[in-house]
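1. below is the sequence, then the predicted model.
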Amino acid sequence: MNRLVWVYMIFTGLLLGSCRQGDAPKPRGYFRIDMPERDYQLLDKNYPYSFEFPVYTVFAPDTRQTAEAYWADVIYPDYRGRIHLSYKHIESREDLEAYLEDTRTFVHRHIPKATAITDEMIIHTENDAFGMIYHIKGREAASALQFFVTDSVKHFLRGALYFDVSPNNDSLAPVISHIEGDVRHLFKTINWH
């Protein structure tokens, strides 16, 4: 009997000793993403708008067959991302209302994958820049950031951020945040021609 008690105590001791707190599964981690220093250059193309865009990006006209005049991309090659810009000339109040409704429609197309959509009004009266930034939350939302800026009279510029990778906005959060700062700079520096 004494032997059975010893075997039981040794077995219990080994069992309790093998259970350690530090062996719990760790939360998923992501690679550290270093963001470049902010520095901007002026868009010097013959477009009806100009603004300062980051020196670590490439401004390229949209060459797709469906592209309209003055559509372009601000490309972030290091992050495989781009802000697609689509420009519209405003002829009437009805045009402006239609462009605003199109913007809301494009944003709301993300509802099935989004966990939240918030909007923020941006106004810079000194350069006639009025618009909104839409933050689209959700791990699998195709576009985490969309915006429009207009002078409300002749010009309407819409932008949407896309990445050439499978959407995982949790891991892209530092890049999205950095690009949002670039979009805010666009609002401050946009000029209409």
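-> Nice, thanks for sending it over.
2. what's the helix or strand harbouring residue 88 packed up against?
-> Per DSSP states H and E, residue 88 falls inside strand 81-89. Using 3 or more CB pairs under 8 Å, 6 or more residues apart in numbering; DSSP states H and E, the elements in contact with strand 81-89 are strand 72-76, strand 155-163, helix 173-189. Heads up, the C-betas are built off the backbone N, CA and C, glycines and all.
3. between strand 81-89 and the last one, find me the angle.
-> Using axes from the mean of the first three to the mean of the last three CA atoms, to 10 degrees, the direction of helix 173-189 lies 30 degrees away from that of strand 81-89.
4. and helix 173-189, how far out from the chain's middle?
-> Taking CA atoms, centre = their mean, to the nearest Å, one finds helix 173-189 lying 9 Å from the centre of the chain it belongs to.
5. same for it, what does it pack against?
-> On the basis of 3+ CB pairs under 8 Å, 6+ apart, helix 173-189 makes packing contacts with strand 40-42, strand 52-54, strand 72-76, strand 81-89, strand 116-124, strand 129-137, strand 145-150, strand 155-163.
6. buried set for it?
-> By neighbour count with 16 or more other CB atoms under 10 Å, helix 173-189 contains the buried residues 175-176, 178-180, 182-183, 185-187, 189.
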